[in-house]
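In: turn this into a structure:
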Amino acid sequence: MIKYAGIEFKNSFIVASSPLTKSIVILKKADEAGAAGVSIKLTFIKQPFYGKLRMYNQLKHDSIVCYDRRLDIEEGLELSRRAKKETDLKVFANITSDTGDLKSWERLAIEYEKAGADLIEANLICPNVGLFTKSISGDGAVDQMEKGGAVTGQDPIRVREIISTLKKFVNIPVIAKLTPNVTDIKYYSKSCTGSWG
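Out: Predicted coordinates:
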């Protein structure tokens, strides 16, 4: 047994948010294989655009992985509920808001806690949300004032606001999934607690 953020896990093997954590069938396989926990596929209130996973590979030259579909709130909550009933996995609720609206973050966290999630994972890194959302969805030029994903993760004040909001509204642990695309990750880590200065 190990403890992380006050939660007991049977081992240190956690399946990261990915195509491997978007269905109950796959989560059951992770449980059977001995995983201690899973981070549910990234969830929005309603994702800003829809897509399917596609990959192109030219051996020894390059590969391109296209957008993988995320979950809308009801899909994510149902998956969390089923995972808690049908497996022994600890569930991380991987959430984000593409609008920059703190109410969206708050709603996702509260609903996931009600659905039985063990931890909230605030996704402040998603590269397909923020600067690229409008381009991917075909809405024209990128709005430089967009908030969400990697854009949010590069703003220490916004990171602090989001983490503070989540901690205020849920009683389960809140984890910040920070972007490495910053000059000093320690500064952003400290911003989660307001201890930078």
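
In: low pLDDT regions in the chain?
Out: Across the chain, the ranges flagged by pLDDT under 70 are 48-57, 62-67, 126-151, 153, 194-197.

In: mind listing the strands for it?
Out: Counting by DSSP state E, the segments of the chain that form strands are 2-4, 7-9, 14-15, 37-39, 43-44, 55-58, 62-65, 71-72, 90-95, 119-123, 174-177.

In: who's in contact with Ile157?
Out: Neighbour list for Ile157: Ser191 [criterion: Cβ atoms under 8 Å, 6 or more residues apart in numbering]. Heads up, the C-betas are built off the backbone N, CA and C, glycines and all.

In: quick one, which of the strands of the chain is packed in tightest?
Out: Per residue and on average, the most neighbours among these fall to strand 90-95, with a mean of 27 (mean count of other Cβ atoms under 10 Å).

In: got a list of contacts for that one?
Out: When contacts are defined by Cβ under 8 Å, 6+ apart, strand 90-95 is touched by residues 7, 9, 14, 17, 21, 36-44, 76, 80, 83-84, 105, 108-109, 112-113, 115-123, 175, 177.

In: Gly34 touches Asn11, doesn't it?
Out: Yes: the pair Gly34 / Asn11 is scored as a contact, 7.0 Å apart, by Cβ atoms under 8 Å.
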